[in-house]
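A.B. asks: here is a sequence together with a model predicted from it:
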Amino acid sequence: MSILVQPQVESVAEPDIGIKRFHIWTIGCQMNEAESAKAAALLRQAGYLPTQVEEEADVIIVNTCVVRQQAEDKAVGHIGSLARLKRYKPGLRIAVTGCLVTGQQAKLAERFPHVDLFYGPSEFERLVEIAPELRGVDFDLAELPHYYDEGQSDPDVTAFVPVIYGCNFVCSYCIVPYRRGRERSRPMEQVLTEVRRLAARGVKEVTLLGQTVNAYGHDLPGQPDLADLLAAVHEVEGIERQVPVRVPLGHAQELEHRGQPPAPKESCHATSRRVEATSSASLALPRTANSNNAPRMIAALPLI
């Protein structure tokens, strides 16, 4: 999450002529971090440079979370604080995304008239409305989930890879299904293409993301599951850090041992202790003959 910097009108920096900059403020889960990385990748492909100072930015994106009240309050406060900067820098373009936005665009536009664009999670194509330079840029998630400069000497060794979006459970305490929609798995080959490209750029560890990551694949042809995906990612050359594969799972009802029928549905509270005891053993991956004993690290995390 970015550190909030109150705008000081006297110190607004004049950017280099012809160079545009962007700043992304993010709060919330790893899915938000992955989507902020995607937005940054797109803007950099369009010629924008990142800045940590909001006063220097031509485009500011605020990526929000409403799962907890504290996160929502911080996001709302930060959006409001940008009104003053917008008054003194009218050419600034501000976009707000994340779970705060879903289904609330009209209300938010009335509350925050200084914001130029409200777009839902993963609606990256709408960024063209505030950054026309994005026309013609490839929006393929597998191609641009993370950005590394050519020749960068110290690229990140870990990366987030979304594999499933949304949630089909309607728990009384959770807003995620209403803001992220129903479960939608990414095709396995698309995920593998992304992981291979990340490994080729120096990434050694990937975290597979989803609100209910253990439900992966039920909506895909052939219904591959999370174990299939983990096994396939495990074989990608270059993913080379190893600890035992640990899978903190999203919803207990999706957990089962291979070759056994699904267990009767239980409440989250009734199954949580059983899941904690069995999840690592259920999805542990053996070394394969072509692994060359290279250590590997894959993690799959729920986001709620």
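C.D. replies: Received, thanks.
A.B. asks: give me the neighbour count for the closest residue in space to R135 that isn't next to it in sequence.
C.D. replies: Using CB to CB, 6 or more residues apart in numbering and skipping residues adjacent in sequence, the residue nearest R135 is V128, 5.8 Å away. From N, CA and C alone the C-beta is placed, and that goes for glycine too. For V128, the number of neighbouring residues by other CB atoms under 10 Å comes to 17.
A.B. asks: verify the stated contact: V128 with L117.
C.D. replies: No: with contacts counted by CB atoms under 8 Å, V128 stays clear of L117, the gap being 9.7 Å.
A.B. asks: quick one: residues contacting V163.
C.D. replies: S185, R186, V191, L208, L209, G210, V213, Y216, L229, A300 (CB atoms under 8 Å, 6 or more residues apart in numbering).
A.B. asks: how about those residues in TSV, adding neighbour count, secondary structure and pLDDT?
C.D. replies: Formatted as TSV, the contacts of V163 follow (neighbours: other CB atoms under 10 Å; DSSP: H, G, I helix; E, B strand; the rest coil; pLDDT from 0 to 100):
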residue	neighbour count	secondary structure	pLDDT
S185	24	strand	92
R186	21	coil	90
V191	23	helix	90
L208	24	strand	87
L209	24	strand	85
G210	29	strand	84
V213	26	helix	86
Y216	28	coil	90
L229	24	helix	91
A300	27	strand	55
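A.B. asks: of these, which is the nearest to V53?
C.D. replies: L209 (29.0 Å; CB to CB).
A.B. asks: wait, that closest one touches E35, no?
C.D. replies: No: look at L209 against E35 with CB under 8 Å: they stay out of range, at 9.9 Å.
A.B. asks: which neighbours do those two share?
C.D. replies: With CB under 8 Å, 6+ apart, L209 and E35 have common neighbours P162.
A.B. asks: and the host helix or strand of L108, what does it pack against?
C.D. replies: Using DSSP states H and E, L108 sits within helix 105-111. Packed against helix 105-111 by the contact rule (3 or more CB pairs under 8 Å, 6 or more residues apart in numbering; DSSP states H and E) you find strand 117-118.
A.B. asks: can you pull out the strands in the stretch 101-250 of the chain?
C.D. replies: 117-118, 158-162, 164-165, 184-185, 205-210 (DSSP state E, counting those that start in this stretch).
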